[in-house]
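Student: Below are the sequence and a predicted model; questions follow.
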Number of protein chains: 2
Amino acid sequence: MARVLATGSGVVLDLIRTGRARTRTDLIEHLGWSRITLARRLDELLDASIIVSAGQLDSRGGRPPEEFVVNKDAGLLLSFDIGRSHTRLGLTDLASTVLIEDEADIGFQDGPTEIFEWAPQVVDYMLAKIGRRRADIHGVGVGVPGPVDALTGRLAAPQPDERWQGLALPDLVKHHFPVVCAMDRDVNIMAVAESRLGWPEYHDLVILKVGLGVSCALVLDGRIYRGSRGGAGDLSHPLRTAGEPRTLEAEASGAMIRRALVAKGHRIRTSADIVSLAASGNTDALHLLATAGRTIGDAIVGIVAMLNPEAVVVGGNLAEADRPFLSEVRAAILGGVPDFARTGLVVEPARLGGKAGVIGASLIAQDALFEPDRISHLTRSKR
Amino acid sequence: MARVLATGSGVVLDLIRTGRARTRTDLIEHLGWSRITLARRLDELLDASIIVSAGQLDSRGGRPPEEFVVNKDAGLLLSFDIGRSHTRLGLTDLASTVLIEDEADIGFQDGPTEIFEWAPQVVDYMLAKIGRRRADIHGVGVGVPGPVDALTGRLAAPQPDERWQGLALPDLVKHHFPVVCAMDRDVNIMAVAESRLGWPEYHDLVILKVGLGVSCALVLDGRIYRGSRGGAGDLSHPLRTAGEPRTLEAEASGAMIRRALVAKGHRIRTSADIVSLAASGNTDALHLLATAGRTIGDAIVGIVAMLNPEAVVVGGNLAEADRPFLSEVRAAILGGVPDFARTGLVVEPARLGGKAGVIGASLIAQDALFEPDRISHLTRSKR
DNA sequence: TGACTTTTGTATATCTATATATAAAAGTGA
DNA sequence: TCACTTTTATATATAGATATACAAAAGTCA
């Protein structure tokens, strides 16, 4: 019985905040409503201070159009980008611009209890630094390093760590921050940020995240594809190599490179250390990065050929090593894909760099907060 | 300016013909409209004879609900399932039930001119046999063995045969049958039929079509995924085998089996001949089918692991050979996919068998004919 | 400056969808 | 048979969206 509000203010806000339409004329064009109806919905959003005018755009021969944007300063969004051993926290405005960030070597491997004892303190510290309070936080977005059941918000099985098994993380978050909370796999969150802000002109992307682990997300027809049980993008099937089958993680991840470098006496803790070592010209690191790049590229050639995306976007710390890592990934993919799929295909580093996780988490929090039906009902009841 | 008719009769018809809702109560539930509005739209469709009552369903404790269906006898749809060397034609009613079919060993390799000199004669013959006329044909659906640019309706490059290069096939069809015409790649059309009629309970499918050639389609989130330039499902990238790289077509298609059997002195023309020979117990055929099955299964393990579908559906003539062909495909996939993707996954033969092409072509013709906006405007202008 | 364009606002009449109430139709089950 | 349910129809009043017309604002361009 969910009444569909065909002309609710929520869809107007959705067009404005995603940038698909920001002037009256564009909004009318997109929505097919009458000018009067749109004006009413805009008034509702303006009255509720959800949007504000951003001034006038350049004239196109007549009166210049007025641009509307979300009232980004009306509140904050809180981002968690939880990695295996490293976590980033961020506070953004309602347009997902990062205001302040913090990070620490704590992560999934330390368990939920530890993380959620540590995180609220950091949040309070960050809030103090920008002169805001907890009550200013309107939504939370969380990225976790593993599949998530989108329906229930629980972590999908199997978790390598039983402390996380079947955990309803949003409930845990709400205990500390009682606002709307959205959650997804870390690489999916990176994909949201990259596809919406980094590559808005593209609709079909293969996203790779290569740090200590290797993971993958798919943006198909402009939307994150998750598969039947949230398992899409899984890279854990055995590689087709000579000798006994091994997974990509074992064969070509940052973790594997770290092991090899540590064995040679280098001091490596994070994937960023690997990139630094390579940048200093260390031949061991350079060689290992090149080999890993080629292995990863080879491993996803089949997917790229099959899905015919417009771009393969490589993020994560290792992607910072353009050469030799990324260049080898690129060479392997472009060299292995048939002509048809290669035409127009680019293999590029993530455009948002290391901030993609925090920004993506903020974006899904934004989506949850500004969900069209919620907004429509909100502005209706205010009248 | 495309005015969106939020409460047009087109969306009502769409729910009815796709079977998502066929009673007043169900339609109201799906649409969120008031009872009165829905009644008006139903009256419009009934007045225009686009739908008819199908009588009453069983009571659920009160007055039994009335069921509505498309007036399937109001016209015909014409289906082309053009293969490389073999083509099927079919006439269906407006609900895509096949009324009559015909086929011949003529196909893509013979060129467009030849096909469209031959086809109209067969159509007239079929029409005569069921006592209908050309004017009864309301829409045409065409399947072709190669990528199609969905926007322009042209065959996507590169075509192996220059007679088809960049050809606007719908224009050619309209010259003979001046009605709405829809067109897609053959395996996509099979996928439409299988996913909508064969596997309506599933949303994510990998569809394989194995005859003389091997091709693949993807149904993701319930929709055909085509890739950035219609190239999704391409299987032409080199296999990762020992020795020099070869494509799946060269390694494990019906064409390859035919070559091998012909070399051994068997008389094989079509992929159906291969299956017959195997059914008669011929060990050469059985062995070749088993090997091909395993090779194909191995080749798509990566895709299946990556996309996490609910089913892999295998169609085309070779799929008729459950054993040893299909069983080997199944064994290779289920054996190669990691635990997470294997859970709940089935590898099954196409449920519509050889009719999938003709039915699928009819379905996309139906989609074009009953496109919501067209219908809405149609019933409006009639008042 | 003055003619023109595009954008925006406002008021009125009209159209459309909905809510509400009442009732009838057509079944089930005691 | 009778009370009950679900489904369907109809009428009236109300709410909401649109069309239309007119006007003003704010720019461009000759």
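Tutor: The structure has been received and is ready for your questions.
Student: give the contact list for residue A:35.
Tutor: A:24, A:28 (Cβ atoms under 8 Å, 6 or more residues apart in numbering or on different chains). To be clear about C-beta, it is placed using only N, CA and C from the backbone, and glycine gets the same treatment.
Student: any idea how far it is from residue B:7?
Tutor: 20 Å (Cβ to Cβ, to the nearest Å).
Student: now do residue A:369
Tutor: 29 Å.
Student: More neighbours: the two, which one.
Tutor: residue A:369 (21 against 16; other Cβ atoms under 10 Å in any protein chain shown).
Student: Please report how far the nearest residue to that one once chain neighbours are set aside lies from DNA strand D.
Tutor: In space, residue A:369 comes closest to residue A:139 once its chain neighbours are excluded; the distance is 4.0 Å by Cβ to Cβ, 6 or more residues apart in numbering or on different chains. Residue A:139 is 27 Å from DNA strand D, where distance means Cβ to the nearest atom of the strand, to the nearest Å.
Student: outside of the helix or strand containing residue A:91, which residues touch it?
Tutor: Using DSSP states H and E, residue A:91 falls within strand A:87-93. By Cβ under 8 Å, 6+ apart, the list of residues contacting strand A:87-93 from outside reads A:72-73, A:75-81, A:98-104, A:106-107, A:115, A:119, A:122-123, A:126-127, A:130, A:132, A:137, A:354-355, A:357-359, A:361-362.
Student: Quick one: buried ones out of those?
Tutor: Buried residues within those, defined by neighbour count using 16 or more other Cβ atoms under 10 Å in any protein chain shown: A:72, A:75-81, A:98, A:101-102, A:106-107, A:115, A:119, A:123, A:126-127, A:132, A:137, A:354-355, A:357-359, A:361-362.
Student: quick one: the strands in the stretch 151-300 of chain A?
Tutor: Using DSSP state E, counting those that start in this stretch, the strands assigned to the stretch 151-300 of chain A run over residues A:180-185, A:205-210, A:214-220, A:223-225.
Student: isn't residue A:272 right next to residue A:319, touching?
Tutor: No - if you go by Cβ atoms under 8 Å, residue A:272 and residue A:319 don't touch, sitting 11.4 Å apart.
Student: more crowded one of those two?
Tutor: residue A:319 (24 against 16).
Student: wait, that one sits on residue A:351?
Tutor: No - using Cβ under 8 Å, residue A:319 is not in contact with residue A:351; the gap is 10.8 Å.
Student: what touches both of these two?
Tutor: Counting by Cβ under 8 Å, 6+ apart, nothing touches both residue A:319 and residue A:351.
Student: before we move on, back to that, burial-wise, tell me which of the strands of the stretch 151-300 of chain A comes out on top.
Tutor: A comparison of the strands of the stretch 151-300 of chain A by mean neighbour count, using mean count of other Cβ atoms under 10 Å in any protein chain shown, puts strand A:205-210 on top with a mean of 27.
Student: distance between it and the chain's centre?
Tutor: Put simply, strand A:205-210 sits 11 Å off its chain's centre (Cα atoms, centre = their mean, to the nearest Å).
Student: Tell me what angle it forms with strand A:214-220.
Tutor: Following axes from the mean of the first three to the mean of the last three Cα atoms, to 10 degrees, one obtains 170 degrees for the angle between strand A:205-210 and strand A:214-220.
Student: Alpha carbons of strand A:205-210, as CSV, please.
Tutor: This file holds the C-alpha atoms of strand A:205-210, laid out as CSV (Å, rounded to 0.1, in the frame of the first residue of the first chain):
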residue,chain,number,x,y,z
LEU,A,205,32.6,0.2,-15.2
VAL,A,206,34.7,-2.6,-13.7
ILE,A,207,36.2,-1.3,-10.5
LEU,A,208,39.2,-2.9,-8.9
LYS,A,209,40.5,-2.2,-5.5
VAL,A,210,44.0,-3.3,-4.8
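Student: Can you show me the helices along the stretch 151-300 of chain A?
Tutor: Assigned by DSSP state H, counting those that start in this stretch, the stretch 151-300 of chain A shows helices spanning A:169-176, A:186-193, A:248-252, A:254-263, A:271-279, A:283-307.
Student: where in chain A is pLDDT low?
Tutor: Counting by pLDDT under 70, chain A shows low-confidence ranges at A:1-5, A:150, A:157-158, A:238-245, A:380-383.
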